[in-house]
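[1] Predicted model and sequence below, questions to follow.
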Amino acid sequence: MPIPTELIGSIPRPNYLLEAAQNFRAGKTTQEKLDESYNQAVRETIEQLEATGSPVLSDGEQTKSSFATYPLLGIENLDPKGVVIPFADGHTRQLPKLTSGPFHFGIHAGAYVKAAKRYTNKPLKQAVITASALSLLYPSEEIQGYDRKSFLKDLVAEAVADIRDCFDRGAYKVQLDFTEARLSIKLDPSKQLLQQFIHLNNQVLEHFSSEERQRIGVHTCPGGDCDSTHSADVHYEELVPHLFQLNVGNFYMQLASEKNPEKTLKVIKENLKAGQRIFVGVIDVLNPEVEDPETVKERILCAADYIPLSQLGTTDDCGFSPFEDDTSTGRETAFSKIRSRVLGTQLAERALGSRKGM
């Protein structure tokens, strides 16, 4: 039985694109020149992903400043000093905060699908940010004339439109990036915040048919940025029973970098439901060493001891360089790791097929 394999999303941007973006923001080049660099980077990324043998492609999020903030492009009713997310190595990321209503997206992710489809006829996957992550934009103090209830109503509508736009533009899969899941447990061990996040995301998902939800997935990890994480100290057993309450067909789970992956696999086995496919992370994106295909194969065989083959898939732990300014991983390293995942998955397929035939 074939084991599906997919990347998460982000690929490190080429140096010429980073330089073009910096020059544009400094007023040293035009939007037209920047767009030329964007188009070149998307085309080259898709071509290089095809060369790895990847059956499902992505634009590598080349034109996003980050996986989390792309919907805020061009929005002016924001203050840059919002929620601060600390990482284990001491660096931080800061979200903006909303200053007035109504809330709307500056761009929907279907635009990225449309751009990518110019360069391939293969299945395209698009990553989108969760409504729960964007709910953090609303400040702790109430915005005059725009209460939190009104904000959440607008947020759900925009998040639905974001996913719908991807499907309308021809996306094969849509992946919700839910990196704040484990972080929420760190911030609130009672898990009330996590439950609020899951309820909000399910409000979005209820707008899609059961067939469509089989083409929607959720990615979870402890955050991967500049070779550091924000919540790796939160154990999966705290998250998984709640995570699987999300009404989607696919779960993309960081696993290769877990200290005790078999412990996590046991929790997955105990909570796995019919109709759910688990794409286990078999590539550690924070480790610069490229895994060989045999290592990937062994990780998959281990996962197959806990997850039925019909519900198993493979992926990378996280996206590579999910923020534009993260240059900690080389572009060629990322493609080499993806190639190893594809080859290792094929080796595991053959091994499991032989095992079944014995």
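    Good, I have the coordinates.
[2] the strands in the stretch 251-358 of the chain, which residues?
    Ranges of strands within the stretch 251-358 of the chain are 277-283, 312-316, based on DSSP state E, counting those that start in this stretch.
[3] closest to Lys81 out of the ones you listed?
    In terms of C-beta to C-beta, the element of the strands of the stretch 251-358 of the chain nearest to Lys81 is strand 312-316, at 32.5 Å. To be clear about C-beta, it is placed using only N, CA and C from the backbone, and glycine gets the same treatment.
[4] Now do the contacts for Leu312.
    Ile3, Arg277, Ile278, Val280, Ile300, Ala303, Ala304 (C-beta atoms under 8 Å, 6 or more residues apart in numbering).
[5] Can I get the residues you listed in CSV including distance to Lys263 and neighbour count?
    CSV is the format used below for the contacts of Leu312 (distance: C-beta to C-beta, whole Å; neighbours: other C-beta atoms under 10 Å):
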residue, distance to Lys263, neighbour count
Ile3, 22, 20
Arg277, 21, 19
Ile278, 15, 25
Val280, 13, 27
Ile300, 17, 25
Ala303, 13, 28
Ala304, 17, 18
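[6] which residues of the protein fall in helices?
    Secondary structure of the chain (DSSP state H): helices at 15-25, 31-51, 110-116, 131-134, 148-168, 180-187, 192-205, 210-213, 236-243, 261-271, 293-304, 331-357.
[7] Buried residues in stretch 116-136, which are they?
    Neighbour counts using 16 or more other C-beta atoms under 10 Å place 116-117, 119, 124-136 of stretch 116-136 among the buried residues.
[8] So which of these is the closest to Glu47?
    Out of those, the member with the shortest distance to Glu47 (by C-beta to C-beta) is Tyr119, at 7.3 Å.
[9] Just read off the phi/psi values of that closest one.
    phi -120, psi 0 (degrees, to the nearest 10).
[10] ok, it touching Arg43?
    Yes. With contact defined as C-beta atoms under 8 Å, Tyr119 reaches Arg43; the gap is 4.8 Å.
[11] Which neighbours do these two have in common?
    Common contacts of Tyr119 and Arg43 (C-beta under 8 Å, 6+ apart): none found.
[12] quick one: low-confidence ranges for the stretch 151-300 of the chain?
    Residues of the stretch 151-300 of the chain meeting the criterion pLDDT under 70: none.
[13] now stretch 307-316, how far from the centre of its chain.
    17 Å (C-alpha atoms, centre = their mean, to the nearest Å).
[14] got the end-to-end distance for it?
    Chord length of stretch 307-316, first to last residue, is 17 Å (C-alpha to C-alpha, to the nearest Å).
[15] just stretch 206-223 next, same as before
    End to end - C-alpha to C-alpha - stretch 206-223 spans 27 Å.
[16] which stretch among the strands of the stretch 251-358 of the chain comes nearest Gln94?
    Closest among those, using C-beta to C-beta: strand 312-316, at 25.8 Å.
[17] Now that closest one: buried residues?
    Per 16+ other C-beta under 10 Å, strand 312-316 contains these buried residues: Leu312, Gly313, Thr314, Thr315, Asp316.
[18] Then stretch 286-302?
    Leu286, Val290, Glu291, Pro293, Thr295, Val296, Lys297, Glu298, Arg299, Ile300, Cys302.
[19] now stretch 149-164
    151-152, 154-164.
[20] now stretch 252-260
    Tyr252, Met253, Gln254, Leu255, Ala256, Ser257, Glu258.
[21] which residues does the nearest residue to Asp233 once chain neighbours are set aside contact?
    The shortest distance from Asp233 to any non-neighbouring residue, by C-beta to C-beta, 6 or more residues apart in numbering, is to Lys186 (7.2 Å). By C-beta under 8 Å, 6+ apart, the contact list for Lys186 reads His230, Ser231, Asp233, Val234.
[22] again, 10 Å this time
    Going by C-beta atoms under 10 Å, 6 or more residues apart in numbering, Lys186 touches Pro86, Glu180, Leu193, Pro222, His230, Ser231, Ala232, Asp233, Val234, Glu238.
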